[in-house]
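Colleague: when you get a sec, could you give me coordinates for this:
(chains A and B)
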Amino acid sequence: MSTVRAIRGMHDILPEQTCYWQYLENVISDVLGSYGYGEIRLPVVEYTALFRRSIGEVTDIVEKEMYSFEDRNGESLTLRPEGTAGCVRAVVEHNLLATPQRLWYSGPMFRYERPQKGRQRQFHQIGVEAFGIATPDIDAELIALTARLWRALGVVEHVQLQLNSIGSSTARRHYRDALVSYLAQHRDALDDDSVRRLDTNPLRILDSKHPATQALLAGAPALADYLDEESRADFARLCELLDAASVPYVVNPRLVRGLDYYNKTVFEWVTDKLGAQGTVCAGGRYDGLVEQLGGKATPGIGFAMGKERLVLLLEAAAQVLPAIPAADLYVVNAGKAAELAAFVAIEDLREQLPALRIVQHAGGGSFKSQMKKADKSGARWALIWGEDEAAAGTVTVKPLREQGQQENMAVAAVAGYLAQHTTSSEG
RNA sequence: GUGGCCGUAGCUCAUCAGGUUAGAGCACCGGAUUGUGACUCCGGAGGUGGAGGGUUCGAGACCCUUCGGCCACCCCA
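Modeller: Residues are numbered from 1 along each chain as shown, chains lettered A, B, ... in the order given. Predicted coordinates:
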């Protein structure tokens, strides 16, 4: 097709889908509000250096997935591939870190990847971050919040929480050395990707899907044995809090996260309902990141949820949302006089009943075709303005969905009629 | 970046040893009721067969390229 088209992996969300999105967004913002988190709105574009410094130079995101381009002044900019870096930048820039901050944001992210189920080049995340709290109570709070969200969305039976601690950066460095020296001895048993990661990002070998590699890892040194005391204690406390709150989890000692800035607690909510891209929400602690980006040393922890994946999960969980008709009321009008009378009266009606969705027919057409449109719209009533009505100053209200005769009434009586029928038969 | 499957009407699909004006259902528009929807009946419109090239007397079908979709790897939300 030579006509205009969207960029690969960047999808429109059409009206029939947006009801899921709105539902999701409403539930999420309610739950976040109930924990006292405040919304922060962030730019979609940042200096490229921000992401290089925070996400990590050797990560796939930075190496090959960023949408980077030069500004007109030669500055390298990047469409954000994730939200945490920009959020940290913002709280540092605006000096919000004097006291703890609980924040959330929502919006599009961009990664140049091969599209797949649950993965697009422009996708949407909701991110939640808490700054300035070093103790594991905040870890537990964030996780409890997500658990509450799954309950609210009706998908809690379809997700599982995986939890791990990857320790302090020094503990992790010691562990990494031990892991590398172990794996280096068995280099020929490793798959190609893992061999490559031996030099770049050895911890990621832990969650390799290769059976042979996994078998090899059974004999490898365990991350848990290298944890520093504080990480160990904090992790134990986190587990204790989650147990107390009856939030089920499984400790996955192989769980490491892809971005460099994580330490201590890492977690993922996964589902088996979405094919290969089963992670629906993931995050962890990043105590060094604020300082790394030039702020005063401040602990942080956060997570991100993929909205596309949550919408898919809602659908997979058969969370069927009631179809919302486009209109409550469809206004049929015949003739110039009727059109004018209807136009004026309907504006007034909207004033009186702002919650009512009123569609006035536009574009002409026969009376019959207008009635068909009224029916197709899903409206509960047709408001009929013909030449007789226009002359008499009345209007005919015809129920389209239920029993009952149409009634001719004074224009001024319509609001009362509708108000009465709307409240009496709802719920 | 790698691999597999797939692009025919708005949607779901058919056609086909390569052979005249590419079909159906649903949706859409009009009529049967000159002011009344749904059901029914009748009629109509709608496709340069993703795009570009090639083979052939002839290509939607075969070949190549390209773009896109889906799925998986990689990686991640």
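Colleague: how about the residues of the stretch 1-150 of chain A by RNA strand B?
Modeller: Contact residues of the stretch 1-150 of chain A with respect to RNA strand B, defined by C-beta under 7 Å from any atom of the strand, are listed as A:1-2, A:5, A:7-9, A:11, A:59-61, A:65, A:82, A:111, A:113-120, A:123, A:125. Placement of C-beta: from N, CA and C, glycine included.
Colleague: mind checking how far stretch A:292-303 is from the chain centre?
Modeller: Centre-to-centre, stretch A:292-303 and its host chain are 23 Å apart (C-alpha atoms, centre = their mean, to the nearest Å).
Colleague: no no, stretch A:57-66
Modeller: From the chain centre to the centre of stretch A:57-66 is a distance of 22 Å (C-alpha atoms, centre = their mean).
Colleague: which parts of it are buried?
Modeller: Of the residues in stretch A:57-66, those scored as buried under the neighbour-count criterion (16 or more other C-beta atoms under 10 Å) are A:Thr59, A:Asp60, A:Ile61, A:Val62, A:Glu65, A:Met66.
Colleague: out of those residues, the closest to A:Gln405 would be?
Modeller: Of all the buried residues of stretch A:57-66, the one sitting nearest A:Gln405 is A:Glu65; the distance, using C-beta to C-beta, is 63.4 Å.
Colleague: correct me if wrong: the closest one contacts A:Arg80.
Modeller: No. A:Glu65 sits out of contact with A:Arg80 when judged by C-beta atoms under 8 Å, with a separation of 11.7 Å.
Colleague: residue contacts, A:Ile126?
Modeller: Counting by C-beta atoms under 8 Å, 6 or more residues apart in numbering, A:Ile126 touches A:Ile28, A:Trp104, A:Tyr105, A:Ser106, A:Ala304, A:Met305, A:Lys307.
Colleague: let's go with 10 Å and repeat that
Modeller: A:Ile126 is in contact with A:24-25, A:28-29, A:32, A:83, A:104-107, A:149, A:281, A:303-307, A:310, counting by C-beta atoms under 10 Å, 6 or more residues apart in numbering.
Colleague: check A:Val256 too.
Modeller: Applying C-beta under 10 Å, 6+ apart to A:Val256 gives the contacts A:164, A:166, A:172, A:201-207, A:223, A:262, A:266, A:284.
Colleague: run a quick neighbour tally on the residue lying closest to A:Glu65 once chain neighbours are set aside.
Modeller: Of all residues not flanking A:Glu65 in the chain, A:Arg111 sits nearest, at 4.3 Å (C-beta to C-beta, 6 or more residues apart in numbering). Counted with other C-beta atoms under 10 Å, residues neighbouring A:Arg111 total 20.
Colleague: do A:Val44 as well
Modeller: Here the number of neighbours of A:Val44 (other C-beta under 10 Å) works out to 14.
Colleague: follow-up on the earlier one: in strands only, show me the residues of the stretch 1-150 of chain A next to RNA strand B.
Modeller: Per DSSP state E, strands hold the following members of these: A:Phe123, A:Gln125.
Colleague: pull out the buried members of the residues of the stretch 1-150 of chain A next to RNA strand B.
Modeller: With neighbours counted using 16+ other C-beta under 10 Å, these contain these buried positions: A:9, A:59-61, A:65, A:82, A:111, A:113, A:118-120, A:123, A:125.
Colleague: so what's the closest residue to RNA strand B within the stretch 151-300 of chain A up against?
Modeller: Of all residues in the stretch 151-300 of chain A, A:Gly258 sits closest to RNA strand B, with a separation of 1.5 Å (C-beta to the nearest atom of the strand). If a contact means C-beta under 10 Å, 6+ apart, then A:Gly258 has A:Ile55, A:Gly56, A:Thr59, A:Asp60, A:Ile61, A:Glu82, A:Asn201, A:Leu203, A:Arg204, A:Asp207, A:Ala282 as its contacts.
Colleague: report the buried residues of the longest helix anywhere in chain A.
Modeller: Secondary structure of chain A read by DSSP state H shows that its longest helix is helix A:15-34. Taking 16+ other C-beta under 10 Å as the basis for neighbour counts, the residues of helix A:15-34 that come out buried are A:Tyr20, A:Trp21, A:Leu24, A:Val27, A:Ile28, A:Val31, A:Leu32.
Colleague: show me what it is packed against.
Modeller: Other elements packing on helix A:15-34 under the criterion 3 or more C-beta pairs under 10 Å, 6 or more residues apart in numbering; DSSP states H and E are strand A:38-39, strand A:101-110, strand A:122-131, helix A:136-153, helix A:307-316.
Colleague: pairing partners for the third one, with directions?
Modeller: This points to strand A:122-131. As defined by DSSP bridges, the strand partners of strand A:122-131 come to strand A:101-110 (antiparallel), strand A:300-306 (antiparallel).
Colleague: check which residues of that strand are buried.
Modeller: By neighbour count with 16+ other C-beta under 10 Å, strand A:122-131 contains the buried residues A:Gln122, A:Phe123, A:His124, A:Gln125, A:Ile126, A:Gly127, A:Val128, A:Glu129, A:Ala130, A:Phe131.
Colleague: so where is the stretch 101-250 of chain A shaky, pLDDT-wise?
Modeller: Along the stretch 101-250 of chain A, no part satisfies pLDDT under 70.
Colleague: would you map out the domains in chain A?
Modeller: The record's domain split for chain A, according to automatic domain parsing, is A:15-168+A:228-316, A:329-422.
Colleague: the closest residue to RNA strand B within the stretch 1-150 of chain A: what's it in contact with?
Modeller: Across the stretch 1-150 of chain A, no residue is closer to RNA strand B than A:Lys117, which sits at 2.6 Å (C-beta to the nearest atom of the strand). Contacts were defined as C-beta under 10 Å, 6+ apart; by that measure A:Lys117 touches A:Leu274, A:Gly275, A:Ala276, A:Gln277, A:Glu308, A:Arg309, A:Leu312.
Colleague: filter these down to the buried ones.
Modeller: Burial of these was assessed by neighbour count (16+ other C-beta under 10 Å); the buried members are A:Leu274, A:Gln277, A:Glu308, A:Arg309, A:Leu312.
Colleague: wouldn't the first one be in contact with A:Val155 here?
Modeller: The one in question is A:Leu274. No. Under the contact definition of C-beta atoms under 10 Å, A:Leu274 does not touch A:Val155, with a separation of 11.0 Å.
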